[in-house]
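**Student:** Predicted model follows, preceded by the sequence.
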Amino acid sequence: MSLRAKIIVGLIVALLVAVFGYGWHIRTVYAGYTASTDSGDALYPRETLEDYGQQILNELTAKNVKLAIVSRAGQTRDKLPDGVMFTHSAFFRRNATGGYDVYNLYHGEENRLRSTLVTDTPTDFLRLLQEPDAGILIPDAQMQDQLFDMLESPKYAAVHQADYSLISNPFDLRWQNCNELMLFAIAAVIWDTTDRKMLRNKLAATITPTELKVSPLRRHFGPMIDERLILDDHDERVLTTTFGTLTQLIDISGHLDASYILMFDN
(Lines give C-alpha, C1' and ligand atoms only; values in the text may rest on other atoms or scores of the structure.)
Protein backbone atom coordinates (compact mmCIF):
# COMPACT_ATOMS: atom_id res chain seq x y z
CA MET A 1 0.00 0.00 0.00
CA SER A 2 1.33 3.42 -0.94
CA LEU A 3 1.97 6.13 1.60
CA ARG A 4 -0.91 8.17 0.18
CA ALA A 5 -3.29 5.23 0.51
CA LYS A 6 -2.15 4.64 4.09
CA ILE A 7 -2.81 8.30 4.92
CA ILE A 8 -6.30 8.13 3.40
CA VAL A 9 -7.11 4.92 5.28
CA GLY A 10 -5.76 6.47 8.48
CA LEU A 11 -7.95 9.54 8.02
CA ILE A 12 -11.01 7.38 7.39
CA VAL A 13 -10.32 5.31 10.51
CA ALA A 14 -9.80 8.47 12.55
CA LEU A 15 -13.07 9.89 11.26
CA LEU A 16 -14.95 6.69 12.13
CA VAL A 17 -13.44 6.66 15.61
CA ALA A 18 -14.44 10.31 16.07
CA VAL A 19 -18.01 9.64 14.91
CA PHE A 20 -18.45 6.56 17.10
CA GLY A 21 -16.77 8.33 19.99
CA TYR A 22 -19.20 11.19 19.58
CA GLY A 23 -22.05 8.69 19.46
CA TRP A 24 -20.96 7.24 22.77
CA HIS A 25 -20.70 10.75 24.20
CA ILE A 26 -24.25 11.64 23.09
CA ARG A 27 -25.69 8.42 24.47
CA THR A 28 -23.94 8.52 27.84
CA VAL A 29 -23.84 12.26 28.47
CA TYR A 30 -26.63 14.04 26.64
CA ALA A 31 -29.13 11.51 25.34
CA GLY A 32 -31.06 11.19 28.59
CA TYR A 33 -30.73 14.58 30.20
CA THR A 34 -34.36 15.54 29.63
CA ALA A 35 -35.60 12.01 29.00
CA SER A 36 -39.25 11.59 29.96
CA THR A 37 -39.32 7.87 30.61
CA ASP A 38 -39.82 5.31 33.34
CA SER A 39 -37.91 2.58 31.51
CA GLY A 40 -34.35 1.69 32.37
CA ASP A 41 -32.20 0.23 35.12
CA ALA A 42 -32.68 1.70 38.60
CA LEU A 43 -29.56 2.90 40.44
CA TYR A 44 -31.12 2.66 43.90
CA PRO A 45 -32.91 -0.36 45.41
CA ARG A 46 -36.70 -0.21 45.65
CA GLU A 47 -36.60 0.25 49.42
CA THR A 48 -34.42 3.34 49.09
CA LEU A 49 -36.70 4.84 46.44
CA GLU A 50 -39.72 4.19 48.65
CA ASP A 51 -37.95 5.97 51.49
CA TYR A 52 -37.01 8.93 49.25
CA GLY A 53 -40.58 9.10 47.97
CA GLN A 54 -41.86 9.17 51.53
CA GLN A 55 -39.48 12.01 52.33
CA ILE A 56 -41.03 14.04 49.52
CA LEU A 57 -44.51 13.24 50.80
CA ASN A 58 -43.52 14.19 54.35
CA GLU A 59 -42.15 17.50 53.06
CA LEU A 60 -45.31 18.34 51.12
CA THR A 61 -47.63 17.16 53.89
CA ALA A 62 -45.80 19.22 56.51
CA LYS A 63 -46.31 22.31 54.35
CA ASN A 64 -49.96 21.38 53.65
CA VAL A 65 -49.29 21.38 49.92
CA LYS A 66 -52.21 20.37 47.72
CA LEU A 67 -50.16 20.35 44.51
CA ALA A 68 -46.46 20.73 43.80
CA ILE A 69 -44.03 20.34 40.93
CA VAL A 70 -41.22 17.90 41.68
CA SER A 71 -38.13 17.27 39.55
CA ARG A 72 -35.50 14.53 39.67
CA ALA A 73 -32.15 14.01 37.98
CA GLY A 74 -32.02 11.05 35.62
CA GLN A 75 -28.35 11.78 34.90
CA THR A 76 -25.53 12.52 37.30
CA ARG A 77 -24.82 16.25 37.55
CA ASP A 78 -21.39 15.96 35.98
CA LYS A 79 -23.08 14.77 32.78
CA LEU A 80 -25.69 17.51 32.64
CA PRO A 81 -25.29 20.68 30.55
CA ASP A 82 -24.83 24.04 32.22
CA GLY A 83 -28.13 25.36 33.51
CA VAL A 84 -29.73 21.93 33.88
CA MET A 85 -30.15 20.53 37.39
CA PHE A 86 -32.90 17.97 36.75
CA THR A 87 -34.10 15.91 33.79
CA HIS A 88 -37.71 15.03 34.55
CA SER A 89 -40.55 16.88 36.26
CA ALA A 90 -44.10 15.97 37.23
CA PHE A 91 -47.08 17.25 39.18
CA PHE A 92 -47.57 15.78 42.66
CA ARG A 93 -51.33 15.98 43.41
CA ARG A 94 -52.72 15.14 46.82
CA ASN A 95 -55.23 12.28 46.77
CA ALA A 96 -58.12 11.24 49.01
CA THR A 97 -55.89 9.06 51.21
CA GLY A 98 -53.52 11.92 52.05
CA GLY A 99 -50.81 10.63 49.71
CA TYR A 100 -49.87 12.02 46.33
CA ASP A 101 -50.47 10.85 42.77
CA VAL A 102 -47.81 11.78 40.22
CA TYR A 103 -48.87 13.14 36.82
CA ASN A 104 -46.14 12.57 34.19
CA LEU A 105 -45.46 12.76 30.50
CA TYR A 106 -43.52 9.65 29.39
CA HIS A 107 -42.37 8.78 25.90
CA GLY A 108 -42.96 5.26 24.64
CA GLU A 109 -40.32 2.58 24.28
CA GLU A 110 -41.41 0.94 21.03
CA ASN A 111 -41.89 4.42 19.58
CA ARG A 112 -39.78 6.88 21.53
CA LEU A 113 -41.04 9.81 19.47
CA ARG A 114 -44.56 9.62 20.92
CA SER A 115 -45.58 10.40 24.49
CA THR A 116 -48.53 9.70 26.74
CA LEU A 117 -49.83 11.12 30.01
CA VAL A 118 -49.23 8.65 32.83
CA THR A 119 -50.23 8.77 36.50
CA ASP A 120 -48.03 6.76 38.86
CA THR A 121 -46.55 6.85 42.37
CA PRO A 122 -43.70 8.83 43.96
CA THR A 123 -41.56 5.67 44.05
CA ASP A 124 -42.13 5.03 40.34
CA PHE A 125 -41.37 8.68 39.59
CA LEU A 126 -37.99 8.29 41.33
CA ARG A 127 -37.08 4.95 39.74
CA LEU A 128 -34.44 6.41 37.40
CA LEU A 129 -33.05 8.80 40.02
CA GLN A 130 -29.28 9.35 39.74
CA GLU A 131 -28.76 12.02 42.42
CA PRO A 132 -30.11 11.82 46.02
CA ASP A 133 -32.20 14.98 45.84
CA ALA A 134 -35.28 16.49 44.22
CA GLY A 135 -36.36 19.93 43.07
CA ILE A 136 -39.48 21.14 44.85
CA LEU A 137 -41.55 23.94 43.29
CA ILE A 138 -44.61 25.06 45.24
CA PRO A 139 -47.08 27.54 43.72
CA ASP A 140 -49.25 29.67 45.95
CA ALA A 141 -52.61 28.33 47.16
CA GLN A 142 -54.56 29.88 44.28
CA MET A 143 -52.46 28.27 41.58
CA GLN A 144 -52.37 24.99 43.50
CA ASP A 145 -56.17 24.90 43.43
CA GLN A 146 -56.30 25.72 39.72
CA LEU A 147 -53.71 23.12 38.72
CA PHE A 148 -55.29 20.55 41.05
CA ASP A 149 -58.58 20.88 39.14
CA MET A 150 -56.94 21.10 35.73
CA LEU A 151 -55.16 17.75 36.02
CA GLU A 152 -58.51 15.94 36.17
CA SER A 153 -60.09 17.97 33.38
CA PRO A 154 -59.86 17.92 29.55
CA LYS A 155 -57.67 21.02 29.75
CA TYR A 156 -54.66 18.92 30.81
CA ALA A 157 -54.76 16.77 27.68
CA ALA A 158 -55.48 19.86 25.57
CA VAL A 159 -52.00 21.29 26.21
CA HIS A 160 -50.27 17.95 25.51
CA GLN A 161 -48.39 17.51 22.22
CA ALA A 162 -47.74 13.79 21.76
CA ASP A 163 -44.82 14.25 19.34
CA TYR A 164 -41.77 13.98 21.58
CA SER A 165 -38.32 15.60 21.55
CA LEU A 166 -35.67 15.45 24.26
CA ILE A 167 -34.88 19.16 24.06
CA SER A 168 -38.05 20.60 22.57
CA ASN A 169 -38.17 24.35 22.05
CA PRO A 170 -41.08 25.85 24.05
CA PHE A 171 -41.58 28.46 21.34
CA ASP A 172 -42.21 25.80 18.67
CA LEU A 173 -45.40 23.73 18.88
CA ARG A 174 -44.27 20.70 16.87
CA TRP A 175 -42.67 18.74 19.74
CA GLN A 176 -42.88 18.56 23.51
CA ASN A 177 -41.16 16.96 26.52
CA CYS A 178 -42.23 16.59 30.17
CA ASN A 179 -41.01 20.01 31.28
CA GLU A 180 -42.62 21.77 28.36
CA LEU A 181 -45.95 20.06 29.07
CA MET A 182 -45.80 21.45 32.60
CA LEU A 183 -44.84 24.89 31.29
CA PHE A 184 -47.93 24.94 29.07
CA ALA A 185 -50.19 23.59 31.84
CA ILE A 186 -49.02 26.37 34.17
CA ALA A 187 -49.40 28.92 31.36
CA ALA A 188 -52.95 27.67 30.68
CA VAL A 189 -53.85 28.43 34.31
CA ILE A 190 -52.18 31.85 34.23
CA TRP A 191 -53.82 33.00 30.99
CA ASP A 192 -57.02 30.93 31.25
CA THR A 193 -56.78 29.31 27.84
CA THR A 194 -55.65 26.01 26.31
CA ASP A 195 -55.03 27.57 22.88
CA ARG A 196 -51.42 26.43 22.43
CA LYS A 197 -50.59 29.09 19.83
CA MET A 198 -51.80 31.82 22.16
CA LEU A 199 -49.88 30.30 25.06
CA ARG A 200 -46.72 30.02 22.95
CA ASN A 201 -46.96 33.70 22.01
CA LYS A 202 -47.54 34.80 25.59
CA LEU A 203 -44.68 32.64 26.84
CA ALA A 204 -42.35 34.09 24.19
CA ALA A 205 -43.14 37.56 25.53
CA THR A 206 -42.74 36.53 29.17
CA ILE A 207 -39.97 33.99 29.84
CA THR A 208 -36.38 33.30 28.90
CA PRO A 209 -35.92 29.52 28.40
CA THR A 210 -32.70 27.74 29.28
CA GLU A 211 -30.15 27.95 26.46
CA LEU A 212 -28.02 24.86 25.83
CA LYS A 213 -24.57 25.05 24.32
CA VAL A 214 -24.62 22.66 21.37
CA SER A 215 -21.69 22.52 18.96
CA PRO A 216 -22.20 22.25 15.19
CA LEU A 217 -20.86 18.68 15.36
CA ARG A 218 -23.45 17.68 17.96
CA ARG A 219 -26.21 19.40 16.00
CA HIS A 220 -25.28 17.45 12.89
CA PHE A 221 -24.72 13.99 14.34
CA GLY A 222 -27.01 14.07 17.38
CA PRO A 223 -30.25 13.11 15.60
CA MET A 224 -28.40 10.26 13.85
CA ILE A 225 -27.31 8.83 17.20
CA ASP A 226 -30.58 9.23 19.11
CA GLU A 227 -33.83 9.83 17.22
CA ARG A 228 -35.26 11.69 20.22
CA LEU A 229 -32.64 14.43 19.85
CA ILE A 230 -34.59 16.55 17.36
CA LEU A 231 -33.12 19.94 16.55
CA ASP A 232 -35.38 21.14 13.73
CA ASP A 233 -37.28 23.41 16.12
CA HIS A 234 -34.15 25.35 17.07
CA ASP A 235 -32.38 28.09 15.13
CA GLU A 236 -28.90 29.32 16.06
CA ARG A 237 -29.84 29.05 19.75
CA VAL A 238 -30.97 25.80 21.37
CA LEU A 239 -33.68 26.64 23.91
CA THR A 240 -35.50 24.26 26.23
CA THR A 241 -37.58 24.14 29.41
CA THR A 242 -36.03 23.26 32.77
CA PHE A 243 -36.94 23.36 36.46
CA GLY A 244 -35.55 26.89 36.44
CA THR A 245 -37.83 27.89 33.57
CA LEU A 246 -40.89 26.62 35.44
CA THR A 247 -39.84 28.52 38.56
CA GLN A 248 -39.29 31.64 36.46
CA LEU A 249 -42.79 31.53 34.95
CA ILE A 250 -44.55 31.00 38.29
CA ASP A 251 -42.45 33.72 39.90
CA ILE A 252 -43.15 36.23 37.12
CA SER A 253 -46.87 35.48 37.37
CA GLY A 254 -46.79 36.33 41.08
CA HIS A 255 -47.79 32.83 42.21
CA LEU A 256 -44.52 31.47 43.63
CA ASP A 257 -44.57 30.19 47.20
CA ALA A 258 -41.25 28.28 47.27
CA SER A 259 -38.61 26.74 45.02
CA TYR A 260 -35.74 24.70 46.50
CA ILE A 261 -33.78 21.46 46.46
CA LEU A 262 -34.71 18.73 48.92
CA MET A 263 -31.69 16.64 49.91
CA PHE A 264 -32.69 13.09 50.82
CA ASP A 265 -31.59 11.63 54.14
CA ASN A 266 -29.87 8.28 53.58
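**Tutor:** All right, it came through fine.

**Student:** alpha carbons only for contacts and neighbour counts from here, please
**Tutor:** Will do.

**Student:** Which is the succeeding secondary structure element to the lowest-mean-pLDDT helix or strand in the chain?
**Tutor:** Every helix and strand in the chain was compared by mean pLDDT, DSSP states H and E; the lowest is helix 216-225, with a mean of 49. Per DSSP states H and E, helix 216-225 leads on to strand 238-240 as the next helix or strand towards the C-terminus.

**Student:** what sits against Arg77?
**Tutor:** Residues near Arg77 by Cα atoms under 8 Å, 6 or more residues apart in numbering: Met85, Glu131.

**Student:** Check which helices and strands the helix or strand hosting Gly135 sits against.
**Tutor:** Assessed by DSSP H and E, Gly135 sits inside strand 133-139. Helices and strands touching strand 133-139, by 3 or more Cα pairs under 8 Å, 6 or more residues apart in numbering; DSSP states H and E, are strand 67-72, helix 243-252, strand 256-263.

**Student:** relative orientation of the helix or strand just after it and helix 243-252 in degrees?
**Tutor:** Later in the chain than strand 133-139, the nearest helix or strand by DSSP H and E is helix 141-150. Relative orientation of helix 141-150 versus helix 243-252 (axes from the mean of the first three to the mean of the last three Cα atoms, to 10 degrees): 120 degrees.

**Student:** elements contacting helix 141-150?
**Tutor:** Packing contacts for helix 141-150, counted by 3+ Cα pairs under 8 Å, 6+ apart, involve strand 67-72, helix 178-191.

**Student:** Quick check: neighbours of the shortest one in the sheet, parallel or antiparallel?
**Tutor:** Within its sheet, and counting by DSSP bridges, strand 67-72 is paired with strand 88-94 (antiparallel), strand 133-139 (antiparallel).

**Student:** So which of these is the most surrounded?
**Tutor:** Of all the strands paired with strand 67-72, strand 88-94 carries the top mean neighbour count, a mean of 25, counting by mean count of other Cα atoms under 10 Å.

**Student:** can you give me the offset of that one from its chain's centre?
**Tutor:** Remark: strand 88-94 is offset 12 Å from the chain centroid, using Cα atoms, centre = their mean, to the nearest Å.

**Student:** Beyond it, next helix or strand please.
**Tutor:** Per DSSP H and E, the first helix or strand lying C-terminal to strand 88-94 is strand 100-107.

**Student:** so what strands line up beside that following strand?
**Tutor:** Strands adjacent to strand 100-107 in the sheet, as given by DSSP bridges, are strand 88-94 (antiparallel), strand 115-120 (antiparallel).
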